[in-house]
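Chemist: Build the 3D model from these lines:
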Amino acid sequence: MIKFFRRIRQQLLSENKFSKYLIYAFGEIVLVVIGILIALQINNANENRKSINKSHQIIREIKRNAKSNIQHLETQIEEEENVIIAIDIIMDNITNTKIYNESLDQYFLSCFYWPTTSWKLSGYETLKSYGIDIIDSDSLKEAIVNLHEINFNTLAEYARASEGIHFSTNTPLITELFIYQRANVSQSFEENSAKPIDYEKVISSDKFRSALSIWRFLRTTSIQIRMATIERFKELIALIDEELKKT
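Modeler: Residues are numbered from 1 along each chain as shown. Model prediction:
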């Protein structure tokens, strides 16, 4: 093709058709520019398609993480509810019944429990490495960032607060009032127990009663935070599904 155009140029010059040569040369330049523009457009389209494919790959991973994290949160809510049940049973006994029986030992063990926080964040970490702007939808970007940077941080801060209160307030009371019993190392947590050293001291301890009431409030609030996070996850999944439909 290049040789063909070169022959035409040489022929026009040899025939002294300079004006036609200029017109031809200009036309050739226009063709080259058009070719370059088409090539750029094709390249940009290919790069845009690659970017969309990568963004969809990432948000699919975020969606898988979200479903896993919802299940994890639901398990944590169930654990928190079991703690509240244990606290209510103990509070009823030390306030009303005031009679010890061994069935309480399991509730004494469970009443100051709190769930740890661990999440699947591989999709969000991948997104951060590529840059959040790889996603076109502003609402989706905002939902992803808010969930991972605000909701998760709130949960983490609440877990740290629970841990701090547990070791500063609950642990001294537990040490003073109970003996933790574990028959062997193969036992699960549920098979262990906390037995009162002197049940009369447990009943008369205002600090223990106050610690239980505070801990119940913290567990109730923690459930509310987790439920709100589940709703954010569900909203995020809906936005991801909407974005994937644009393929």
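Chemist: Apart from its chain neighbours, what residue comes closest to residue 105?
Modeler: The shortest distance from residue 105 to any non-neighbouring residue, by C-beta to C-beta, 6 or more residues apart in numbering, is to residue 193 (3.7 Å). C-betas here are computed from N, CA, C, even on glycine.
Chemist: can you check residue 159 too?
Modeler: residue 117 is the one closest to residue 159 (C-beta to C-beta, 6+ apart), at 4.7 Å.
Chemist: Around the residue nearest to residue 105, how many other residues sit close by?
Modeler: 21 (other C-beta atoms under 10 Å).
Chemist: Ramachandran angles for the residue positioned nearest the centre of the chain?
Modeler: Centroid-nearest residue in the chain: residue 148, 5.0 Å away (criterion: C-alpha atoms, centre = their mean). When read as degrees, to the nearest 10, the backbone of residue 148 gives phi -80, psi -30.
Chemist: before we move on, the earlier item: next up, the contacts around the residue nearest to residue 159.
Modeler: 76, 152, 155-156, 159 (C-beta atoms under 8 Å, 6 or more residues apart in numbering).
Chemist: Could you pull out the strands in this protein for me?
Modeler: 178-181, 193-196 (DSSP state E).
Chemist: quick revisit: for the contacts of residue 117, give me JSON lines that also has neighbour count, pLDDT and distance to residue 102.
Modeler: Converted to JSON lines, the contacts of residue 117 look like this (neighbours: other C-beta atoms under 10 Å; pLDDT from 0 to 100; distance: C-beta to C-beta, whole Å):
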{"residue": "76", "neighbour count": "21", "pLDDT": "94", "distance to residue 102": "29"}
{"residue": "152", "neighbour count": "18", "pLDDT": "88", "distance to residue 102": "40"}
{"residue": "155", "neighbour count": "20", "pLDDT": "89", "distance to residue 102": "35"}
{"residue": "156", "neighbour count": "12", "pLDDT": "88", "distance to residue 102": "37"}
{"residue": "159", "neighbour count": "17", "pLDDT": "88", "distance to residue 102": "32"}
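Chemist: What count of nearby residues applies to the residue nearest to residue 67 when sequence neighbours are not counted?
Modeler: Closest residue to residue 67 in three dimensions, ignoring its sequence neighbours and counting by C-beta to C-beta, 6+ apart: residue 237, at 7.2 Å. Using other C-beta under 10 Å, residue 237 has 18 other residues around it.
Chemist: Give me the distance between residue 237 and residue 86.
Modeler: 33 Å (C-beta to C-beta, to the nearest Å).
Chemist: One more: residue 146?
Modeler: 34 Å.
Chemist: What of residue 162?
Modeler: From residue 162 to residue 86 the distance is 15 Å (C-beta to C-beta).
Chemist: Does the residue nearest to residue 105 touch residue 106 like I think?
Modeler: Yes: counting by C-beta atoms under 8 Å, residue 193 does reach residue 106; the two are 5.8 Å apart.
Chemist: Next up, the contacts around residue 115.
Modeler: 75-76, 79-80, 159, 222.
Chemist: Lovely, talk soon.
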